[in-house]
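S.K.: With the sequence up front, the predicted model follows.
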Amino acid sequence: MSEPKVMDQQVGRRRENWASQVGFVLAAAGSAIGLGNIWRFPYLTGTNGGAAFVLIYLAAIILIGYPIMITEMAIGRKSQRNAYGAFAALAPGTPWWLVGALGVLTGFVILSYYSVVGGWGVAYVFKTLLGMLPKGTDFAGAFVGHITATWEPIFWHAVFMGVTTAIIAAGVVKGIQRWSEILMPMLAVCLFILVIRSVTLPGAMAGLSFYLKPDFSTINAKTLLDAVSQAFFSLSLGMGCMITYGSYVSSKEDLTRSAAYVVSLDTAAAFVAGLAILPAVFALGFEPGAGAGLTFITLPAVFAEMPLGGFFGVVFFFLISIAALTSAISLLEVVVAWLVDEKGWNRQRAALLTGIGCFLFGLPTTLGYGVLSNITFLGMDLLDTYDWIANSIFLPLGGLLTAIFAGYVWGTRNVAEEANKGSTGMAVGEWWAFLIRFVVPIAIAIIMLSGIYQKIAG
Ligand code: PHE
């Protein structure tokens, strides 16, 4: 029923396509691999007791993340639309567009504080470069000093948001794809060098066993929700990002295989980042449960223990910033694609105004460690509050509704037909339909409700 509308639009305005399958995989992996892997995953593993969390996270990736990844990409490619337009086109005359709208809103909220953390990364490039981190051992103090200041974090937040906006204004292929292709491989090399240094530090064994030897006695509803929401966050799912990126894929490309590559690359990146950070946490005497500062406190300390540490520090924080950037542009793209497709704005205007909006909306989170530190919600500072609402509520809810949409509204047969177009052997079938119709929605619903309940009940 929706078919003619989609086709008309395609004839009227040709949609930009990724230049190749590799280009698409790298851009989608660029979206997936970011602060979620290098900043969020290690500290969540630290606060949730280590290896058991890692295993639950892996289960969430395989049973929930991968099936939804395929689903979102198929929805995007079939509809050739942004997150909002995709649902509107595939289920015209129903309220399902609300799921896309929730995605656009979520993208806006995440980007507003993602840019603040990205700004910490960029600030650390310069601080390492100019030798402004302490020569001694007070890396925690240095980090706290940085985030509790007023103007400096705002400045770097503005820089980060500005660069993100400029790239998105330049367009999909020229902007997103080119950057991803050059810089993501460099990040991989640097991570490996860091892992080697980290696991060979004296005392690293304790960290390795924390990371790899599961102790399930620490698992509770919060752990489960943290694992599921991290799976969504890290894979850029539940908010229409992969719908939007999928809409730039031609029907000749192999979607299921691309999805498998993206999921594997992202999971490998998170695992390796944990391996670079957690052994060092133990070896150098930091607290694994330190929370949001863990990466920024531990890594400078590791660099201080390395020959050429200053040089590596600069390169590594630069690459973290780039990884954050390729994710941030995908967040911004979700909002911009909606404004361009549905509201008829031109790309530049949409990027600029959204960029400014995100900057302003993110301001409270950057002040939440300093002048606004007395404002808390359920015991969380402002950045953690934004992060919790977006990741523990909006993303799982978006994923849950996407699964219901695919399983019962658009129908697993239709999704599979689209997903398998261009397939070279990894076609989705019964198992995928079973996960999407039953396992995914039931698991998310239970985990979300119990995790939220536990948080609120304290
Ligand atoms: N996946 C990104 C990361 O791990 C964050 C992100 C979330 C990007 C949602 C796009 C959409 O850093």
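M.R.: Cool, the structure landed.

S.K.: Tell me the residues on the stretch 151-300 of the chain that lie near the ligand, please.
M.R.: Phe233, Ser234, Ser236, Met239, Cys241 (C-beta under 6 Å from any ligand atom). For the C-beta atoms, the positions are set from N, CA and C on the backbone; glycine is no exception.

S.K.: Quick check: the last one vs Gln230, distance?
M.R.: To tie it back to what came earlier, the one meant is Cys241. 15 Å (C-beta to C-beta, to the nearest Å).

S.K.: how about the residues of the stretch 151-300 of the chain next to the ligand in a markdown table, adding distance to Ala19, neighbour count and secondary structure?
M.R.: Shown next, in a markdown table, are these (distance: C-beta to C-beta, whole Å; neighbours: other C-beta atoms under 10 Å; DSSP: H, G, I helix; E, B strand; the rest coil):
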| residue | distance to Ala19 | neighbour count | secondary structure |
| --- | --- | --- | --- |
| Phe233 | 28 | 28 | helix |
| Ser234 | 26 | 28 | helix |
| Ser236 | 20 | 31 | coil |
| Met239 | 25 | 34 | coil |
| Cys241 | 20 | 27 | helix |
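
S.K.: Quick check: the farthest pair among those residues?
M.R.: Ser234 and Met239 (12.6 Å; C-beta to C-beta).

S.K.: Counting neighbours, what do you get for the residue of the chain found nearest the ligand?
M.R.: Nearest residue of the chain to the ligand: Gly36, at 2.1 Å (C-beta to the nearest ligand atom). By the measure other C-beta atoms under 10 Å, the count of residues near Gly36 is 28.

S.K.: That one belongs to a helix?
M.R.: Yes - counting by DSSP: H, G, I helix; E, B strand; the rest coil, Gly36 is found in a helix.

S.K.: mind checking how far it is from Ala74?
M.R.: In terms of C-beta to C-beta, Gly36 sits 23 Å off from Ala74.

S.K.: got a list of contacts for stretch 358-371?
M.R.: Residues from elsewhere that reach stretch 358-371 (C-beta atoms under 8 Å, 6 or more residues apart in numbering): 108-109, 111-113, 115-116, 119, 144, 147-150, 153-154, 157-158, 161, 332, 372, 375, 381-383, 385-386.

S.K.: Would you mark the buried spots in that stretch?
M.R.: In terms of neighbour count (16 or more other C-beta atoms under 10 Å), stretch 358-371 has its buried residues at Cys358, Phe359, Phe361, Gly362, Leu363, Pro364, Thr365, Thr366, Leu367, Gly368, Tyr369.

S.K.: Make CSV from those and add pLDDT and secondary structure to it.
M.R.: Formatted as CSV, those follow (pLDDT from 0 to 100; DSSP: H, G, I helix; E, B strand; the rest coil):
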residue, pLDDT, secondary structure
Cys358, 98, helix
Phe359, 98, helix
Phe361, 98, helix
Gly362, 98, helix
Leu363, 98, helix
Pro364, 97, helix
Thr365, 97, helix
Thr366, 96, helix
Leu367, 96, helix
Gly368, 94, coil
Tyr369, 93, coil
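
S.K.: Among the residues you listed, which one sits closest to Val195?
M.R.: Among those, and counting by C-beta to C-beta, the member closest to Val195 is Tyr369, at 29.6 Å.

S.K.: Torsion angles phi and psi at that closest one?
M.R.: phi -100, psi -20 (degrees, to the nearest 10).

S.K.: switch to numbering from 33
M.R.: Right, with 33 as the first residue, what we last looked at is Tyr401.

S.K.: how many other residues sit next to the residue lying closest to Thr358 once chain neighbours are set aside?
M.R.: In this structure, Thr358 finds its nearest non-sequential neighbour in Gly62, 3.4 Å apart by C-beta to C-beta, 6 or more residues apart in numbering. Residues contacting Gly62 under the criterion other C-beta under 10 Å number 28.

S.K.: The host helix or strand of Gly62 vs the ligand: in contact?
M.R.: Remark: Gly62 resides in helix 53-64, with elements defined by DSSP states H and E. Yes - Helix 53-64 reaches the ligand (C-beta under 6 Å from any ligand atom) through Ser63, Ala64.
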